[in-house]
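*Asks:* sequence first, then the predicted structure, then my questions.
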Amino acid sequence: MSELNHKKKPWYKTIPHAITMLFCIIILVTILTYIIPAGTYERIIIEGRKSVVPGSYNIIPSTPIGALDMFKAIPLGFKSAAEIIFLVFAGAIMFGFMEKSKAVENSVGTLVNKLGLKNKNLIIVIMTFVFGFLGVAVGYENNIAMVPIAAVLSLALGGDLILAAGISVGAMTIGFGLSPINPYTVGTGHQLADLPMFSGALLRSVLCFVALSIMAYYNVRYFKRITKHPEKSLGKGLDISGLTLSKPISDYKITINNWLVISVFLIGLLVILYGVFNLNWYLNELSALFLIIGLLCGIVARMNATSMSETVLKAVSIAAPGAFMVGYATSIKVLMETGNIGDTISYNLSLILEGLPLYASAISMAVSQTVINFFIPSGSGQALATLPVMLPLGESLGLTRQITILAFQIGDGLSNLINPTLGGLIAMLSMCRVPIDRWIRFIFPVLITLIGIAFITLIIAVATNYS
């Protein structure tokens, strides 16, 4: 009888291991190359970037993927994701030096001591919005080095690594995905639509703030649950070595040496921000700066050559599983390109939208972008591949260009919370040592809530002729 009365677990709590899940997607994409016709749009170069020519879709000879090519896509995925993979290693090495110097531990311990253990919930809310603002204003992969700080903070408060991911990865993904000033999605979209750059920011800002508020509420709610019932923690068994505080909160203070290490880190971040916004720096430059910051932190902390070498290897060993997952996930992108089915999926989704009622077409456009995002995880890449098709389609359906771009941003931005093919997400989760299967179990209720709110926002946009 006990078995009959046993409640079934929700499907999102029985998600398979990340390796298994991704391999199933690899097999699925391989099978799809035999079912979906190969096709392509013509592309032209606009300001140095390839953009789709509307109405240029053509079917081409099918390029089905055999068993050998399916497995060959895995090493090719690692080759394609080499820059992100090394960024994971470089970020881990930098944090390894900071962790070894005790600067992070002492800083977090002192922060919690000053704010008081009675204000744990407030600290979680504040830090969720801080990381969210980093996503809004700074970017995505640019913030990868900040994630381990959330891990130390969460454990210091009595939380777990899943909460750390909620505070940092969840907030930054939402902030970046719904940012009113996102240059990769909104910026590219406005360029393609000939709209004023970052126009319509008020509605986007309200949506972003509400979404971050929900993330903060859910983080606090999860923290209260695992505090009362530790057995309900999704972070059980995850490696927390090097991230926990080693002494009572009241004993923490920041030493002069710690201040020097923190100063090197903060100056390095300022240099990175300047390079990103003024010198077009990207992944390789970020990796180089992370290594430089790490080396300077080791020198300032007076570490000898042997200690520094051991720190590097320890950091690499901790980051290796996450770095592997980045390359492994990227193999799906390689399969899509080899099978030439990405453009066919985009084209057929656009055909489905034709003839739908006005409100349904706006929501369906967001849903279609969500589907496409799992095959084209790059925000700017997806914008250049789909918006030249979606913008004129939206106008023919009666949607303003601003609404089409908002639907694109919602579909792309929110689905990134659970997108196993997004290298940046996998990389950030690896920095706080959280497997994507556990992450999906945690974040899925938040995603469903945010999708509902986003759809209401789209309905309001259509009703007010948002432009």
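*Replies:* That came through, no problem.
*Asks:* could you find the closest non-adjacent residue to Phe133?
*Replies:* Excluding its sequence neighbours, the residue lying closest to Phe133 (CB to CB, 6 or more residues apart in numbering) is Gly175, at 6.4 Å. Glycine gets a C-beta too; all of them are placed from N, C-alpha and C.
*Asks:* go ahead and confirm that neighbour touches Gly132.
*Replies:* Yes - between Gly175 and Gly132 there is a contact under CB atoms under 8 Å: 3.8 Å.
*Asks:* which of the three states applies to Ile45?
*Replies:* strand (DSSP: H, G, I helix; E, B strand; the rest coil).
*Asks:* now do the contacts for the nearest residue to it once chain neighbours are set aside.
*Replies:* Spatial nearest neighbour of Ile45, excluding adjacent residues (CB to CB, 6+ apart): Ser51 at 7.7 Å. When contacts are counted by CB atoms under 8 Å, 6 or more residues apart in numbering, Ser51 touches 43-45, 192, 384, 388.
*Asks:* how near is Ser51 to Val326?
*Replies:* 27 Å (CB to CB, to the nearest Å).
*Asks:* just Pro196 next, same as before
*Replies:* 36 Å.
*Asks:* higher neighbour count, those two?
*Replies:* Val326 (26 against 9; other CB atoms under 10 Å).
*Asks:* pretty sure that one contacts Ile85?
*Replies:* Yes - judged on CB under 8 Å, Val326 makes contact with Ile85 at a distance of 5.2 Å.
*Asks:* tell me how many other residues crowd Thr244.
*Replies:* 11.
*Asks:* just checking, what packs against the host helix or strand of Asp69?
*Replies:* According to DSSP states H and E, Asp69 maps onto helix 67-80. The contact analysis (3 or more CB pairs under 8 Å, 6 or more residues apart in numbering; DSSP states H and E) places helix 67-80 against helix 18-35, helix 305-339.
*Asks:* whichever helix or strand comes after the last one - contacts with which helices or strands?
*Replies:* Beyond helix 305-339 in the direction of the C-terminus, DSSP H and E gives the next helix or strand as helix 342-353. Helix 342-353 sits against strand 39-40, helix 358-373, helix 379-397, with contacts defined as 3+ CB pairs under 8 Å, 6+ apart.
*Asks:* Ile436 is nearest to which of the ones you listed?
*Replies:* Closest to Ile436 of the helices and strands packed on helix 342-353, according to CB to CB: helix 358-373, at 15.4 Å.
*Asks:* which other residues reach the closest one?
*Replies:* Taking CB under 8 Å, 6+ apart as the rule, helix 358-373 contacts 342, 345-346, 349-350, 352-353, 356, 382, 385-386, 390, 394, 397-399, 403-404, 407-408, 410-412, 414-416, 419, 454-455, 458-459, 461-462.
*Asks:* same thing but at 6 Å, please
*Replies:* Here helix 358-373 makes contact (CB atoms under 6 Å, 6 or more residues apart in numbering) with 346, 349, 353, 356, 386, 397-399, 403, 407-408, 410-412, 415, 455, 458-459, 462.
*Asks:* buried ones only from these, please, as a ChimeraX command.
*Replies:* This is the ChimeraX syntax for the buried subset of those, where burial follows 16 or more other CB atoms under 10 Å:
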select :346,349,353,386,397,399,403,407,408,410,411,412,415,455,458,462
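*Asks:* picking up where we left off before, for the residue nearest to Phe133, which residues are in contact?
*Replies:* 132, 135-136 are the contacts of Gly175 under CB under 6 Å, 6+ apart.
*Asks:* closest to Leu203 out of those?
*Replies:* Val136 (14.8 Å).
*Asks:* pretty sure the closest one contacts Pro180?
*Replies:* No - contact criterion CB atoms under 6 Å: Val136 and Pro180 do not qualify, at 7.7 Å.
*Asks:* so between these two, which is more surrounded?
*Replies:* Using other CB under 10 Å, the more surrounded residue of Val136 and Pro180 is Val136, with 24 against 19.
*Asks:* and the more buried one, how far is that from Ile174?
*Replies:* Val136 is 9 Å from Ile174, by CB to CB.
*Asks:* over to Ile272?
*Replies:* 22 Å.
*Asks:* settle it for me: which of the two has more neighbours?
*Replies:* Ile174 (29 against 22).
*Asks:* what helix or strand is that one on?
*Replies:* Counting by DSSP H and E, Ile174 is found in helix 171-177.
*Asks:* only alpha carbons, please: show that helix as CSV.
*Replies:* Extracted C-alpha coordinates of helix 171-177, given in CSV (Å, rounded to 0.1, in the frame of the first residue of the first chain):
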residue,chain,number,x,y,z
ALA,A,171,20.4,36.5,-11.3
MET,A,172,23.0,37.2,-14.0
THR,A,173,21.2,35.1,-16.6
ILE,A,174,18.0,36.9,-15.9
GLY,A,175,19.7,40.3,-15.8
PHE,A,176,21.6,39.7,-19.0
GLY,A,177,18.7,38.0,-20.8
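*Asks:* thinking again about what came up before, and the residue nearest to Ile45, its phi and psi?
*Replies:* phi -130, psi 150 (degrees, to the nearest 10).
*Asks:* which intervals of the chain have sub-threshold pLDDT?
*Replies:* 1-15, 46-49, 117 (pLDDT under 70).
*Asks:* who are the contact partners of Ile65?
*Replies:* 30, 33, 338-339.
*Asks:* SS state for it?
*Replies:* coil.
*Asks:* next: Lys50.
*Replies:* Relying on three-state DSSP, one would call Lys50 strand.
*Asks:* I'd say it and Glu42 touch.
*Replies:* No - in this structure Lys50 lies outside contact range of Glu42 using CB under 6 Å: 10.1 Å.
*Asks:* all helices of the stretch 101-250 of the chain, in order?
*Replies:* 103-115, 120-137, 147-157, 161-165, 171-177, 188-193, 201-228 (DSSP state H, counting those that start in this stretch).
*Asks:* any chance of those helices in CSV with distance to Thr244 as columns?
*Replies:* Formatted as CSV, these follow (distance: least, CB to CB, whole Å):
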stretch, distance to Thr244
helix 103-115, 8
helix 120-137, 16
helix 147-157, 5
helix 161-165, 11
helix 171-177, 22
helix 188-193, 42
helix 201-228, 16
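*Asks:* related to what we said a few turns ago, Asn113: which of the contacts of Ser51 is nearest?
*Replies:* Taking those together and measuring to Asn113 by CB to CB, the closest member is Leu384, at 49.0 Å.
*Asks:* that closest one: neighbour count?
*Replies:* For Leu384, using other CB under 10 Å, the count is 21.
*Asks:* so which of the helices and strands packed on helix 67-80 is the most packed in?
*Replies:* Ranked by mean neighbour count, these are led by helix 305-339 with a mean of 20 (mean count of other CB atoms under 10 Å).
*Asks:* run the chain-centre distance for that one.
*Replies:* 16 Å (CA atoms, centre = their mean, to the nearest Å).
*Asks:* which helices and strands sit right next to it?
*Replies:* helix 18-35, helix 67-80, helix 82-100, helix 423-431 (3 or more CB pairs under 6 Å, 6 or more residues apart in numbering; DSSP states H and E).
*Asks:* please identify the most buried of those.
*Replies:* Comparing these by mean count of other CB under 10 Å gives helix 423-431 as most buried, with a mean of 26.
*Asks:* so which elements touch it?
*Replies:* helix 82-100, helix 147-157, helix 305-339.
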